Every structure is written in structure tokens, then in C-alpha cells.
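Chemist: whatever this is, show me its structure:
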Amino acid sequence: MTLLNAPEYDGRRETRNRNLLIGAGVLILLSVVIGVGGFLLGHGWFFSNLPVEHRIDRFLTTLQEKDYPKAYGIWMNDPEWQQHPQKYDYTLKRFTEDWTTASDWGPITSHHVDISKKDGTGIVIAVRVNNSSKKLFLWYERKDGTLTYSPHELEY
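Modeler: Numbers count the residues shown, from 1 in each chain. You can find the predicted model right below:
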């Protein structure tokens with residue numbers, strides 16, 4: 001092909017290509033901001049820990065409402081636990097004591113989920129309860145969805 005028989009200039013095609021390049025750049029930049037932002041804010045890469053944080057929030061809200069059987073179901077990841085209570089060694093009575101009289105915080109009256117980090121097979125969630133400066137660390141096991149007290153503490 002020579003300059004004499006070169007294709008005619010297509011302004012719409014050039015505009016479309018420029019807009020696609022700009023859009024791709026914006027999409028890449030937005031992905032980086034969301035990914036790193038979630039990590040820096042303590043909610044996991046791309047905010048991947050938010051579903052677990054919402055579950056912890058729902059659990060603690062249920063404790064605030066003093067609905068211990070429902071909270072026990074969330075703790076064990078078994079809403080139908082009353083159909084087979086013999087399945088669990090950790091009884092509802094002990095659970096209720098642990099979250100009221102035997103608790104370091106007493107009955108839960110307020111809470112705020114602060115931060116979460118993936119660690120091995122689970123996620124550690126730091127929660128501030130009853131407007132205390134002391135934090136509660138909970139463990140979410142990813143393979144079965146159960147909750148327990150965390151063996152690790154987060155520093156932030």
C-alpha cells in the first residue's frame with residue numbers, strides 16, 4: 001500500500017479507540033484504588049472481609065437484643081440447631097453465661113466492628129464492645145462458618 005491508496009481517515013474509529021484507552025486506564029486505576037483501599041482500611045483486599053464483618057455485626061446486634069438462641073445459631077452457623085441440640089458440646093446455657101455474667105464485658109450493649117484480617121483458615125475480627133477501650137477478638141472459620149474466640153490479636 002502506498003500513500004496514494006491509503007485508507008480514508010475515520011474520525012469515529014479514532015474517537016472510539018481513544019475512549020476505549022481512557023476507559024481501560026480509568027478501570028485499572030479504579031481497581032487499584034478499591035483493592036488497596038480495602039486492605040489499607042482493614043477490610044481485606046477488595047473489601048473481601050465485609051460479608052464476615054456484617055455477620056459479626058448481626059451476631060452482636062442479636063446479643064444486644066438478648067435473643068440468645070438466635071445468636072447461638074449464628075455462632076454455630078446452624079439456624080436449625082434446636083432440632084438437634086445434642087450435636088454440640090457447647091450448650092446454649094454455657095453460651096448465654098459466656099456472653100452475660102461470665103463475660104469480661106458483661107452483657108453487650110453496644111459494639112463496633114473495627115478491622116478484620118485473614119489468617120490461615122479463618123478471619124480474625126476486632127470488635128469494640130460496650131464503648132470499652134479493650135477489644136474483643138473473634139475468629140470466623142471459613143470452612144464451616146462457625147465463630148469462636150480468636151487465638152490471635154490484631155494490632156492497629
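
Chemist: quickly list the domain ranges of this protein.
Modeler: The chain breaks down into these domains under automatic domain parsing: 3-40, 48-149.

Chemist: mind listing what residue 104 touches?
Modeler: Residue 104 makes contacts with residue 134, as judged by C-beta atoms under 8 Å, 6 or more residues apart in numbering. Where C-beta positions appear, they are placed from N, C-alpha and C, glycine not excepted.

Chemist: now do the longest helix anywhere in the chain, average pLDDT.
Modeler: When the chain is parsed with DSSP state H, its longest helix is helix 11-40. On average, the pLDDT along helix 11-40 is 94.

Chemist: apart from its chain neighbours, what residue comes closest to residue 44?
Modeler: Closest residue to residue 44 apart from its sequence neighbours, by C-beta to C-beta, 6 or more residues apart in numbering: residue 38 at 5.7 Å.

Chemist: pretty sure that neighbour contacts residue 47?
Modeler: Yes - assessed by C-beta atoms under 8 Å, residue 38 is found in contact with residue 47 at 3.9 Å.

Chemist: quick one on the thing from earlier: single out the most deeply packed of the domains of the chain.
Modeler: Neighbour counts (mean count of other C-beta atoms under 10 Å) averaged over each of these peak at domain 48-149, with a mean of 16.

Chemist: and the end-to-end length of it?
Modeler: 21 Å (C-alpha to C-alpha, to the nearest Å).

Chemist: sorry, back to before: tell me how far the residue nearest to residue 44 lies from residue 46.
Modeler: As defined by C-beta to C-beta, to the nearest Å, residue 38 lies at a distance of 5 Å from residue 46.
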